[in-house]
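Engineer: Here is the input, now give the coordinates:
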Amino acid sequence: MAQKGKKLSDAYKNINRDKLFDLKEALKLVREFASSGKSDQTIEIAMNLGVDPRHSDQMVRGVVSLPHGTGKSMKVAVFAKDAKAEEAKQSGADFVGSDDLMTEIQNGKMDFDRVIATPDMMGLVGRLGKVLGPRGLMPNPKLGTVTVDIGEAVKAAKAGQVEFRTEKAGIIHGGIGKASFSEEQLSENAAAFMAAIQKAKPAGAKGTFIKRVAVSSSQGPGVRVDTSGLGGDTSA
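Structural biologist: Residues are numbered from 1 along each chain as shown. The predicted model follows:
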């Protein structure tokens, strides 16, 4: 097994980093390399977009439900009371509360990946802006994390719904599965992720929207994807 892992590693190092691969071919290379390790590595996609996120009309942000989930166990915290709190618990939320949950978060308890709140709780949640905001955890109506439909929001998060937003230099990235996924599952998840980004193209974006796409494992280098079929730029 060690010899096989070394061969895959050597083959991976010899890949022309400037070559553009078909999406399925790129995912196959990344998955084979990641599968040679002991851990079930996360497979990630990174996209360079032709936007400047410093301008509000060029921000790309949203959510996408991947067909096969992410392979990651998502921990969800919900701010809700009474019947809505019970609905959250029944739907599988890991932490549910109001003032008590706020106090726990203020004391440093942040063992969750998504925060959802009912609209009436946002006055309370707003006090946690300096804590949740920098971590990208602040509930947002546009992302479906401020809603009266708490049960569905929790189920969607648990099923592998992924939030995305542009970072500095117009880069957006997200996990699209695990090395243990089949190539078909990874391919369908990647396609869904890229389609969601295209759909979220802001009105302020000018010129080529999708400039570069690469896939990688959490412990490996990136493999570039041919974006010509996506209206992307293949010259850079």
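
Engineer: Would you map the strands across the protein?
Structural biologist: Assigned by DSSP state E, the chain shows strands spanning 42-49, 61-65, 76-79, 95-97, 114-117, 161-165, 171-178, 210-217, 223-225.

Engineer: Any stretches of this protein with poor pLDDT?
Structural biologist: 1-17, 37, 229-236 (pLDDT under 70).

Engineer: again, only using 50
Structural biologist: 1, 4, 231-236 (pLDDT under 50).

Engineer: what ranges do the helices span in it?
Structural biologist: For the chain, the helices defined by DSSP state H occupy 2-13, 23-35, 82-90, 99-106, 122-125, 129-132, 150-158, 183-199.

Engineer: quick one, which of the ones you listed is nearest to residue 59?
Structural biologist: helix 183-199 (12.5 Å; Cβ to Cβ). In short, each C-beta sits where N, CA and C put it, glycine included.

Engineer: Could you count how many residues lie near residue 73?
Structural biologist: 8 (other Cβ atoms under 10 Å).

Engineer: how much space between it and residue 158?
Structural biologist: From residue 73 over to residue 158 the distance is 9 Å, taken as Cβ to Cβ, to the nearest Å.

Engineer: next one: residue 169
Structural biologist: With Cβ to Cβ as the criterion, residue 169 and residue 158 are 32 Å apart.

Engineer: who's more crowded, those two?
Structural biologist: Shown here are residue 169 and residue 158; by other Cβ under 10 Å, residue 158 has more neighbours (18 against 10).

Engineer: Next, name the residue at the spatial heart of the chain.
Structural biologist: residue 174 (3.4 Å; Cα atoms, centre = their mean).

Engineer: Identify the residues contacting that residue.
Structural biologist: Residues in contact with residue 174 (Cβ atoms under 8 Å, 6 or more residues apart in numbering) are 44, 45, 162, 164, 193.

Engineer: For it, list each beta-bridge partner.
Structural biologist: residue 45 (DSSP bridges).

Engineer: same check, this time on residue 214
Structural biologist: According to DSSP bridges, beta-bridge pairing links residue 214 with residue 46, residue 224.

Engineer: what about it, how many neighbours?
Structural biologist: Neighbour tally, residue 214, other Cβ under 10 Å: 19.

Engineer: For it, give its distance to residue 228.
Structural biologist: Applying Cβ to Cβ to residue 214 and residue 228 gives a distance of 15 Å.

Engineer: and what of residue 144?
Structural biologist: 32 Å.

Engineer: These two - which one has more neighbours?
Structural biologist: residue 144 (18 against 10).

Engineer: Against residue 63, how distant is the more buried one?
Structural biologist: With distances taken as Cβ to Cβ, residue 144 is found 6 Å from residue 63.

Engineer: and residue 88, what does it touch?
Structural biologist: Here residue 88 is in contact with 78, 80, 96, 116, 150, 151, 154 (criterion: Cβ under 8 Å, 6+ apart).

Engineer: which residues does residue 79 contact?
Structural biologist: 97, 98, 101, 102, 115, 116, 117, 118, 121, 124, 125, 139.

Engineer: possible to save those residues as JSON lines with distance to residue 189 and neighbour count?
Structural biologist: Converted to JSON lines, the contacts of residue 79 look like this (distance: Cβ to Cβ, whole Å; neighbours: other Cβ atoms under 10 Å):
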{"residue": "97", "distance to residue 189": "33", "neighbour count": "19"}
{"residue": "98", "distance to residue 189": "35", "neighbour count": "19"}
{"residue": "101", "distance to residue 189": "31", "neighbour count": "24"}
{"residue": "102", "distance to residue 189": "34", "neighbour count": "17"}
{"residue": "115", "distance to residue 189": "24", "neighbour count": "25"}
{"residue": "116", "distance to residue 189": "22", "neighbour count": "28"}
{"residue": "117", "distance to residue 189": "28", "neighbour count": "27"}
{"residue": "118", "distance to residue 189": "30", "neighbour count": "24"}
{"residue": "121", "distance to residue 189": "32", "neighbour count": "22"}
{"residue": "124", "distance to residue 189": "35", "neighbour count": "15"}
{"residue": "125", "distance to residue 189": "30", "neighbour count": "22"}
{"residue": "139", "distance to residue 189": "25", "neighbour count": "25"}
